[in-house]
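Asker: model the following, please.
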Amino acid sequence: MIKLADLPVPLDLSPMEAKLVEEVPREPGWRFEPKWDGFRCLAFRAGGEVALRAKSGKPLDRFFPDVAAALKALPADRFVLDGELVIEVEGRPAFEALQMRLHPAESRVRRLAAEQPARLTLFDCLLDGRGRSLLAAPLSARRAELEALFARFGQQDVARLSPWTEERDQACRWLEAAGSALDGVVAKRADGPYAPGERAMLKIKKIRTADCVVGGFRYAQGAADVGSLLLGLYGPDGRLHHVGFTSTISRAERPALTRRLEALKGEGFTGDAPGGPSRWSTERTGAWVPLKPELVVEVRYDQVTGGRFRHGTRLVRWRPDKSPRQCTCEQIRPPPGGGGQETGRQGGAAAP
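Answerer: Okay, here's the model as predicted:
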């Protein structure tokens, strides 16, 4: 019986990564795919063994037992697939549901798996059904093997194929529709091999801006100057809620900005407030300084989850012309209908 350790594609393989660029490439030779809003995952199958690996290399099996069990039941005894774990709630991908799976209690994980099963959206094949490594094969050949393997799976609920296209106009439509379902667009060379750990792909995101109140700040670690600004927006309840941060402050402007901020110490956030350090940011102090809600900044952001910016934002400019009370949560609410659902059938690929 074949084992995971016998596969020519190792479990510690680093996924191929993408470099952020500002626009969809125009020259020929690119293939485009939607960038799904989920957890990147490499799925390994060898006989009765299945392993799921995150982009960091950490095992995901215990957090997604539903996916592991479903992959083990597929009518193919070996494969290595690259894809994105997604959980849909009321027909729309929900990143918060994925985050809830990262829980230490096995009983809770299994309950969530039964209530909201995850699926694996597939976009690459690194080991075909005959056990051959495809790392050196061009994307066009890997995609053909992926579609052949997917056809062998037959009727099942765990996996779906991500669409692709060579038409730039279609990629731009996907990018314009980016929202609750899509995180942007990925561009890959049709003749390119799989390059583990290298930023050999391009990713394009729909960048948005919002005007936010500076409700507090944190000092830089081990320094007396500001390190990051804490951002807030007013909710329908009239309270100022913490929604994220920005740390793109030049070293030259930090001393003067620190003095300006320290002169505004006050009540800070009146609704949701910043917490302490998270398990993902162990080196950052949780201490922060509340400020009177008088300063407004415009920031760029790429994604919102649970009413907050998922990543750090980029400071665009100060907005002395803007009243803090004009900075409301309406700016970052998703559009009606949840943009990003349109994918369709492109380049011969099956629609999800």
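Asker: quick one: the helices in the stretch 51-200 of the chain?
Answerer: 65-72, 95-101, 106-115, 139-153, 168-176 (DSSP state H, counting those that start in this stretch).
Asker: quick check: Ile2 touching Gly47?
Answerer: Yes. Applying CB atoms under 8 Å as the test, Ile2 and Gly47 come out as touching, 4.8 Å apart. Glycine gets a C-beta too; all of them are placed from N, C-alpha and C.
Asker: which neighbours do those two share?
Answerer: Asp77, Arg78 (CB atoms under 8 Å, 6 or more residues apart in numbering).
Asker: in CSV, list the helices of the stretch 51-200 of the chain along with mean pLDDT.
Answerer: CSV is the format used below for the helices of the stretch 51-200 of the chain (pLDDT from 0 to 100):
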stretch, mean pLDDT
helix 65-72, 97
helix 95-101, 89
helix 106-115, 96
helix 139-153, 97
helix 168-176, 94
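Asker: go through those helices and name the closest to Val214.
Answerer: With CB to CB as the criterion, Val214 lies closest to helix 95-101 of those, at 26.2 Å.
Asker: now that closest one - C-alpha only, PDB.
Answerer: Once non-C-alpha atoms are left out, helix 95-101 reads as follows in PDB (Å, rounded to 0.1, in the frame of the first residue of the first chain):
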ATOM      1  CA  PHE A  95     -14.000  33.900   5.800                       C
ATOM      2  CA  GLU A  96     -15.100  34.200   9.500                       C
ATOM      3  CA  ALA A  97     -16.400  30.600   9.300                       C
ATOM      4  CA  LEU A  98     -13.000  29.400   8.300                       C
ATOM      5  CA  GLN A  99     -11.400  31.300  11.100                       C
ATOM      6  CA  MET A 100     -13.800  29.600  13.600                       C
ATOM      7  CA  ARG A 101     -12.400  26.200  12.600                       C
END
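Asker: for the helices of the stretch 51-200 of the chain, give me a markdown table that also has mean neighbour count.
Answerer: Formatted as a markdown table, these follow (neighbours: other CB atoms under 10 Å):
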| stretch | mean neighbour count |
| --- | --- |
| helix 65-72 | 19 |
| helix 95-101 | 17 |
| helix 106-115 | 13 |
| helix 139-153 | 18 |
| helix 168-176 | 18 |
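Asker: make JSON lines out of those helices and add distance to Phe217.
Answerer: Below are the helices of the stretch 51-200 of the chain laid out as JSON lines (distance: least, CB to CB, whole Å):
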{"stretch": "helix 65-72", "distance to Phe217": "41"}
{"stretch": "helix 95-101", "distance to Phe217": "26"}
{"stretch": "helix 106-115", "distance to Phe217": "36"}
{"stretch": "helix 139-153", "distance to Phe217": "45"}
{"stretch": "helix 168-176", "distance to Phe217": "34"}
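Asker: tell me where the model's unsure across the stretch 151-300 of the chain.
Answerer: 179-181, 276-286 (pLDDT under 70).
Asker: ok, the closest residue to Met100 other than its chain neighbours to Ser56 distance?
Answerer: Residue nearest to Met100 in three dimensions, not counting chain neighbours: Leu112, with 6.0 Å by CB to CB, 6 or more residues apart in numbering. For Leu112, the distance to Ser56 equals 21 Å [CB to CB, to the nearest Å].
Asker: distance between the helix or strand Gly227 falls within and the chain's centre?
Answerer: In this assignment (DSSP states H and E), Gly227 forms part of strand 226-234. The chain centre lies 22 Å from the centre of strand 226-234; the measure is CA atoms, centre = their mean, to the nearest Å.
Asker: which residues of the stretch 251-352 of the chain fall in strands?
Answerer: 289-290, 296-301, 304-305, 308-309, 314-318 (DSSP state E, counting those that start in this stretch).
Asker: got these as a markdown table, with distance to Ala263 and mean neighbour count columns?
Answerer: Output for those, formatted as a markdown table (distance: least, CB to CB, whole Å; neighbours: other CB atoms under 10 Å):
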| stretch | distance to Ala263 | mean neighbour count |
| --- | --- | --- |
| strand 289-290 | 11 | 18 |
| strand 296-301 | 17 | 20 |
| strand 304-305 | 31 | 18 |
| strand 308-309 | 26 | 20 |
| strand 314-318 | 15 | 14 |
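Asker: looking at these, spot the one closest to Gln116.
Answerer: That would be, of the strands of the stretch 251-352 of the chain and by CB to CB, strand 304-305, which comes in at 16.0 Å.
Asker: if we can go back for a sec, other SSEs contacting whatever helix or strand comes next after the strand holding Gly227?
Answerer: The C-terminal neighbour of strand 226-234 among helices and strands, as given by DSSP H and E, is strand 240-246. In terms of contacts (3 or more CB pairs under 8 Å, 6 or more residues apart in numbering; DSSP states H and E), strand 240-246 is packed against strand 208-219, strand 226-234, strand 296-301, strand 308-309.
Asker: let me have those strands in TSV, extended by distance to Leu149.
Answerer: Below are the helices and strands packed on strand 240-246 laid out as TSV (distance: least, CB to CB, whole Å):
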stretch	distance to Leu149
strand 208-219	37
strand 226-234	45
strand 296-301	37
strand 308-309	38
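Asker: quick one, which of the ones you listed is nearest to Gly271?
Answerer: strand 226-234 (8.0 Å).
Asker: can you count the residues close to Ala137?
Answerer: Here the number of neighbours of Ala137 (other CB atoms under 10 Å) works out to 19.
Asker: how close does Asp124 get to Ala43?
Answerer: Relative to Ala43, and taking CB to CB, Asp124 is found at 11 Å.
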